[in-house]
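# Attaching a predicted model along with its sequence, questions to come.
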Amino acid sequence: MPTNHQILLDNRPQGEAVESNFKLVTSETPALQEGQVLVRHHYLSLDPYMRGRMNDGKSYAQPQALGEVMGGGTAGEVVESRSSKYAVGDTVVGMGGWQEYSVVQADQPGAMRKVDTTHVPLSHYLGAVGMPGVTAWYGLTQICAPRQGETVVCSAATGAVGSAVAALAKARGCRVVGIAGGAEKCRYATEELGYDACIDYKEHSDAASLSKAVKAACPDGVDAYFENVGGMVLNAVLPRMNAFGRIALCGMIAGYNGEPVPMDYPQLLLTNRIKLQGFIVSEHMEHWPAALKELGALVASGKLRPRESIAQGIAQAPQAFLGLLKGRNFGKQLVKLV
């Protein structure tokens, strides 16, 4: 059995996460038991939600245990099988974690699924046609529920989730405005992702200034807002929301280090009768088949052209993850292991 390299959570962050919170170890892969398969991971997914799990606090998911392999999505290939459900060579996605190999119980519900790479690259099953894409689909279609001609705004516009939000909203005939950090990301948003406009939040020092830019980009107001950031960005968008607007609260990356993220004008939720709903996509598995079907078609047709930031090798996972939290990635952040 192959030698396995793994990244463990060694200690919990005190404020901002740092590389020394993680530990790289080497272990021997155990021999397979009946009903198990050995997967060699080609790609490891890095996602903002992982930062919350590093804390030992109450949340929607159990904290990441100390001394254990960091959890995370993986895409790879079956290299040995003692299950009739999977054959050597099958391409699969699952939650193998921050390691090069995983032993998977084939009968465990939701542990792993086969994917077809004929028209969709394997790596995209961790992004546009995976959990981030389904997150975009659910938040947009089930909470924002935009109608043709409405204005949809999305923060973290060029990330794995935001990229899919743009394609899905454009497919529904909406005007789509992004908020991203830096001129290069804003150009990518409008030139490749289909955003009608994109606002560079780095050009604004406070919510009032950013809110003026949102008003200029959304002259008819904002009907639906897909929120990934919180903080100053939410405080800038909220005053521009139309009556009966909808906000899908997907992430609050502004508060991932534990600091408070105040809302300046919560009374606007009442006066404008705004629906604000947080959601966790793993609680809505019944919607995944429809979402993956639409997302796969968008990628195959070229209407969704997600970009990827790829770090090389398991040892680079912590550094790439910390860069993701600071917005250094361009599109979906992955670690290539093969």
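Sure thing, it's come through. This structure is a prediction, so every number in the text was calculated from the model and none was measured.
# how about the helices in the stretch 101-250 of the chain?
131-138, 160-171, 183-191, 207-217, 232-237 (DSSP state H, counting those that start in this stretch).
# other SSEs contacting the last one?
Counting contacts by 3 or more Cβ pairs under 8 Å, 6 or more residues apart in numbering; DSSP states H and E, helix 232-237 is packed against strand 151-155, helix 207-217, strand 222-227. (Glycine included, C-beta is placed from N, CA and C.)
# And the third one, by the same measure?
Using 3+ Cβ pairs under 8 Å, 6+ apart, the elements in contact with helix 183-191 are strand 175-180, strand 197-200.
# what's the answer for the fourth one, then?
Helix 207-217 is packed against strand 175-180, strand 197-200, helix 232-237, with contacts defined by 3+ Cβ pairs under 8 Å, 6+ apart.
# Contacts only, for Ala65.
Applying Cβ atoms under 8 Å, 6 or more residues apart in numbering, we find Ala65 in contact with Leu9.
# From the chain's centroid, how far away is the helix or strand of the chain with the lowest mean pLDDT?
Sorting the helices and strands of the chain by mean pLDDT, DSSP states H and E puts helix 49-53 at the bottom, at a mean of 91. Centroid separation for helix 49-53 versus its chain: 11 Å, with Cα atoms, centre = their mean, to the nearest Å.
# Next: stretch 141-160.
Computed by Cα atoms, centre = their mean, the separation of stretch 141-160 from the middle of its chain amounts to 15 Å.
# Now that stretch - C-alpha only, PDB.
This file holds the C-alpha atoms of stretch 141-160, laid out as PDB (Å, rounded to 0.1, in the frame of the first residue of the first chain):
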ATOM      1  CA  THR A 141     -32.800  29.900  -7.400                       C
ATOM      2  CA  GLN A 142     -34.400  29.000  -4.100                       C
ATOM      3  CA  ILE A 143     -33.800  32.200  -2.000                       C
ATOM      4  CA  CYS A 144     -33.000  35.100  -4.400                       C
ATOM      5  CA  ALA A 145     -35.500  33.700  -6.900                       C
ATOM      6  CA  PRO A 146     -34.800  36.400  -9.500                       C
ATOM      7  CA  ARG A 147     -37.200  37.200 -12.200                       C
ATOM      8  CA  GLN A 148     -36.200  38.300 -15.700                       C
ATOM      9  CA  GLY A 149     -35.100  41.900 -15.800                       C
ATOM     10  CA  GLU A 150     -34.300  42.200 -12.100                       C
ATOM     11  CA  THR A 151     -30.900  43.300 -10.800                       C
ATOM     12  CA  VAL A 152     -28.800  40.700  -9.000                       C
ATOM     13  CA  VAL A 153     -25.600  41.700  -7.000                       C
ATOM     14  CA  CYS A 154     -23.000  39.200  -5.900                       C
ATOM     15  CA  SER A 155     -20.000  39.800  -3.600                       C
ATOM     16  CA  ALA A 156     -16.800  37.700  -4.000                       C
ATOM     17  CA  ALA A 157     -17.900  37.800  -7.600                       C
ATOM     18  CA  THR A 158     -15.000  36.000  -9.200                       C
ATOM     19  CA  GLY A 159     -14.700  33.100  -6.700                       C
ATOM     20  CA  ALA A 160     -15.900  29.600  -7.200                       C
END
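# Can you give me the buried ones in that stretch?
141, 143-144, 146, 150-160 (16 or more other Cβ atoms under 10 Å).
# Check those and tell me the two furthest apart.
Glu150 and Ala160 (23.6 Å; Cβ to Cβ).
# which residues touch the closest residue to Leu140 other than its chain neighbours?
Excluding its sequence neighbours, the residue lying closest to Leu140 (Cβ to Cβ, 6 or more residues apart in numbering) is Leu168, at 5.1 Å. For Leu168, the contacting residues are Ala136, Trp137, Leu140, Thr141, Glu294, Leu295, Leu298, by Cβ under 8 Å, 6+ apart.
# What of Gly35?
The contact partners of Gly35, by Cβ under 8 Å, 6+ apart, come to Arg82, Ser83, Gln105, Ala106, Asp107.
# Next, the last one: phi, psi?
Taking degrees, to the nearest 10, you get phi -80, psi -10 for the backbone angles of Asp107.
# Now do it, the pLDDT please.
Per-residue pLDDT puts Asp107 at 91.
# Run a quick neighbour tally on it.
If you count neighbours by other Cβ atoms under 10 Å, Asp107 ends up with 10.
# what residues are up against the residue most central in space within the chain?
Geometric centre of the chain, nearest residue: Pro132, 4.0 Å, by Cα atoms, centre = their mean. Pro132 is in contact with Asp47, Leu126, Gly159, Ala160, Val161, Ala164, Lys332, counting by Cβ under 8 Å, 6+ apart.
# what about 7 Å?
By Cβ atoms under 7 Å, 6 or more residues apart in numbering, Pro132 lies in contact with Ala160, Val161, Ala164, Lys332.
# Select only the buried ones of the contacts of Gly35 in ChimeraX?
The following ChimeraX line selects those of the contacts of Gly35 that are buried, judged by 16+ other Cβ under 10 Å:
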select :83,106
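# now the contacts of Gly35 in TSV, with distance to Ile199?
Listed next are the contacts of Gly35 as TSV, based on distance: Cβ to Cβ, whole Å:
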residue	distance to Ile199
Arg82	53
Ser83	50
Gln105	47
Ala106	47
Asp107	48
